[in-house]
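**Q** Just need the structure, nothing else, for what follows:
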Amino acid sequence: MKKKLFSLVSLVLIAGMMFAFAACNTDTPATTTAAATTAAATTAVASTAPIAQVSTAGATARTDLVMGLVGEPKTMDPTEVSDLVSFSFFFNMYDPLIRFDADDELRPGLAESWTYSDDGLQVTFTLRDGVRFWNGDPLTAEDVVFSYNKAIASSYTSSSTNMMESMEKVDDKTVVLNLKFPYGPIEYCICTAQMGIIQEKHFNTVGAEGFARDPMGTGAYKLVSWASGDKVTLVANDDYYRGAPQIKDLTYKILTDGDTAVLALQNHEVDIVDTPPAAHRDTLMADSSLTYYETPIAASVFVGFNNAVGMFADKRMRKAVMMTVDKDAMLEGAREGLGLVLNTWWPIPIGGWDMANNDKLQGIPYDPEGAKALFAEAGYGSGLTVELKTTDSATYNKPTEVLQDMLAQVGVTGNINRMERTAYFESVQTERDFDLAVLASTTGVPDIDYIYPSFHSSYVTAGRNYMGVENAELDRLLETGRASNDQAERAQIYLEMAELWNEEVFSGVLYTYFTPICADKNLEGVIINSKNRMFMFDFWWSAE
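**A** Predicted structure coming up:
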């Protein structure tokens, strides 16, 4: 069978282009090809198809697609939910002002261009001509203003809208987004799944409850039917402003059990499954009728320390723990080697980060003897016991067990306290009753600024900084990086921050893991994406 891996080699190439804003004003498709080697040392060729490439398969090619989905959407209102299952629909039903395509490129969406005010507090958008909603009505500035102000008012969209004040109409083709403060990564907030434009007239006609099942967007696909617990059916919008989709009939089959979804894929009852269970990886890779894709996910697994109170308020203790960690052995024990060892938080292209720095920056070295000496210097020479809280989730408990073994090798006893998931997060993140714990972090917005609420001191007392990090220099770097629109300047700021991180060890990054897709071998245009964005407009079938 075929196996495709969108490697860090190609990701580095993309990173160099991500922030050339002039490139955002062209709709030219991009193709990326790179050779890659998986963690298991299986050589493969990774290829991403051009965005919306035209099929040459001819009349014999299929035009329908069935996707196995692990859950059911809660609503079709993009501003009233924040789960990934719903996002799978929003990416295909609604258009944002700026697109962030599966190849990690920013491109103009419903806005054909945009400019910034000198003070960075306003973004002015010129709207695209010729865009229509599914009912044939033209897109208006009023629809954009309504959609944005509705999103800004919603509690579900705060990660994308907390820096936004309001959207206003200037004229029929122009709107202006007012910001509360200058925000460098604003473009990556504008392109999220929750910021798609909906029609004001239709929303007001059917009401909030009605819109949940009777939406109106401008996207490539429109809702036909929704049978709860069974399937959701969409049909192509042949009047789509980017052209008619090649997949005409799109069905999302709801298969909440991962094993059932894999069986349906093997029996060709569904054509594609996002994130099939890792236990089936080898079987799916061996199936000649399927293609298995995987790439590092936009997430990091790390050791979180209580920086505020207890033994790990001393940075020597934090560093000593990380010196006990053999990261290659950690990855092997926790994920069977299926992932990438990290020395920084950012394994994939992300706003504000130069991927070349991942090779320049060295993490804390594996040095058990040095760890023993540092523990002793901090006053814990022997008999140290540490509680390791975790959950039943393998994401957390597997690396916790490996860490327990590594600590034992330097004479530290780690007592694992396996807790129910809700109780665990309540204890660690709300009550902040922990010494250290293995945690995971995902990028809500594809920019380094996503860590701001977790580590800026202003979020210690009433926010997400549950590790109690208070460092004036870190605050300064986070604030300066957030405010700048100069991407070269931001890259330098965050390089300084990464160097400070290695010195202070606010937390200890370990690894990231792979996210997979498996599809029928004849389905073309599939791009494995670290942020789980999938656009069916890009897909087509080759002739069987």
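**Q** just for the stretch 401-544 of the chain, where's the confidence low?
**A** 444, 544 (pLDDT under 70).
**Q** so where do the strands sit in it?
**A** Per DSSP state E, counting those that start in this stretch, the stretch 401-544 of the chain carries strands over the ranges 413-419, 436-442, 507-520, 523-524, 540-541.
**Q** likewise the stretch 201-350 of the chain?
**A** Using DSSP E, counting those that start in this stretch, the strands of the stretch 201-350 of the chain run over 221-227, 231-236, 249-254, 272-274, 290-296, 299-305, 339-341.
**Q** Kindly report the same for the stretch 1-150 of the chain.
**A** Going by DSSP E, counting those that start in this stretch, the stretch 1-150 of the chain shows strands at 2-5, 32-37, 43-48, 64-69, 98-100, 106-108, 111-116, 122-127.
**Q** Can you give me the distance of residue 418 to residue 396?
**A** Using Cβ to Cβ, to the nearest Å, residue 418 is found at 9 Å from residue 396. Every C-beta, even on glycine, is put in place using the N, C-alpha and C of the backbone.
**Q** Tell me the residues that contact both of these two, please.
**A** Residues touching both residue 418 and residue 396 (Cβ atoms under 8 Å, 6 or more residues apart in numbering) are residue 390.
**Q** The two: who's more crowded?
**A** Shown here are residue 418 and residue 396; by other Cβ atoms under 10 Å, residue 396 has more neighbours (22 against 14).
**Q** Any idea what the residue nearest to the more buried one when sequence neighbours are not counted is bridged to?
**A** The shortest distance from residue 396 to any non-neighbouring residue, by Cβ to Cβ, 6 or more residues apart in numbering, is to residue 390 (4.8 Å). Note on residue 390: beta-bridge partners by DSSP bridges are residue 418.
**Q** for the strands of the stretch 401-544 of the chain, which one sits closest to residue 277?
**A** strand 507-520 (9.2 Å; Cβ to Cβ).
**Q** Work out the gap between that closest one and the centre of the chain.
**A** Chain-centre distance of strand 507-520: 11 Å, with Cα atoms, centre = their mean, to the nearest Å.
**Q** rewinding a little: to residue 124, which of the strands of the stretch 201-350 of the chain lies closest?
**A** strand 221-227 (29.9 Å).
**Q** My understanding was that residue 344 contacts residue 497; is that so?
**A** No - using Cβ atoms under 8 Å, residue 344 is not in contact with residue 497; the gap is 9.7 Å.
**Q** out of the two, which sits in the more crowded spot?
**A** residue 497 (23 against 20).
**Q** what's near enough to touch the spatially closest residue to that one that is not a sequence neighbour?
**A** Among residues not flanking residue 497 along the chain, residue 477 sits closest, at 4.4 Å (Cβ to Cβ, 6+ apart). Going by Cβ under 8 Å, 6+ apart, residue 477 touches 493, 494, 496, 497, 500.
**Q** rerun that using 7 Å as the cut-off
**A** 493, 496, 497, 500 (Cβ atoms under 7 Å, 6 or more residues apart in numbering).
**Q** Kindly report the same for residue 358.
**A** Counting by Cβ under 7 Å, 6+ apart, residue 358 has contacts 343, 344.
**Q** roughly how far apart are it and residue 393?
**A** 27 Å.
**Q** before we move on, what about residue 199?
**A** Counting by Cβ to Cβ - residue 199 and residue 393 are separated by 40 Å.
**Q** Between those two, which is the more surrounded one?
**A** residue 199 (23 against 11).
**Q** I figured that one hits residue 216, correct?
**A** Yes - between residue 199 and residue 216 there is a contact at 4.2 Å, judged by Cβ atoms under 7 Å.
**Q** Tell me how many other residues surround residue 456.
**A** Residue 456 has 21 neighbours, counted by other Cβ under 10 Å.
**Q** residues contacting the nearest residue to it once chain neighbours are set aside?
**A** Closest residue in space to residue 456, ignoring its immediate chain neighbours: residue 478 at 5.2 Å, by Cβ to Cβ, 6+ apart. By Cβ under 7 Å, 6+ apart, the contact set of residue 478 is 452, 455, 456.
**Q** Can you give me every residue that contacts the second one?
**A** Read that as residue 455. Contacts for residue 455 (Cβ under 7 Å, 6+ apart) come out as 465, 469, 474, 478, 506.
**Q** what do you get for residue 253?
**A** Counted by Cβ under 7 Å, 6+ apart, residue 253 has contacts 66, 67, 68, 69, 231, 270.
**Q** ok, 10 Å please
**A** 66-69, 230-233, 261, 264, 269-271, 273 (Cβ atoms under 10 Å, 6 or more residues apart in numbering).
**Q** if we can go back for a sec, count the neighbours of the residue nearest to residue 396 for me.
**A** 23.
**Q** circling back: as JSON lines, the contacts of residue 455 with distance to residue 89 would be great.
**A** Supplementary listing: these in JSON lines, determined by distance: Cβ to Cβ, whole Å:
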{"residue": "465", "distance to residue 89": "33"}
{"residue": "469", "distance to residue 89": "37"}
{"residue": "474", "distance to residue 89": "38"}
{"residue": "478", "distance to residue 89": "34"}
{"residue": "506", "distance to residue 89": "37"}
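**Q** Tell me the one of these nearest residue 183?
**A** residue 478 (12.4 Å).
**Q** Using the record's assignment, carve the protein into domains.
**A** When the chain is parsed with automatic domain parsing, its domains come out as 49-289+521-541, 299-514.
**Q** Now list whatever residues contact both of residue 344 and residue 497.
**A** Contacts common to residue 344 and residue 497, judged by Cβ under 10 Å, 6+ apart, are residue 353.
**Q** is it true that residue 372 lies in a strand?
**A** No - membership of residue 372 in a strand is not supported by DSSP: H, G, I helix; E, B strand; the rest coil, which gives helix.
**Q** Is it in contact with residue 381, as I believe?
**A** Yes - with contact defined as Cβ atoms under 10 Å, residue 372 counts as touching residue 381 (8.2 Å).
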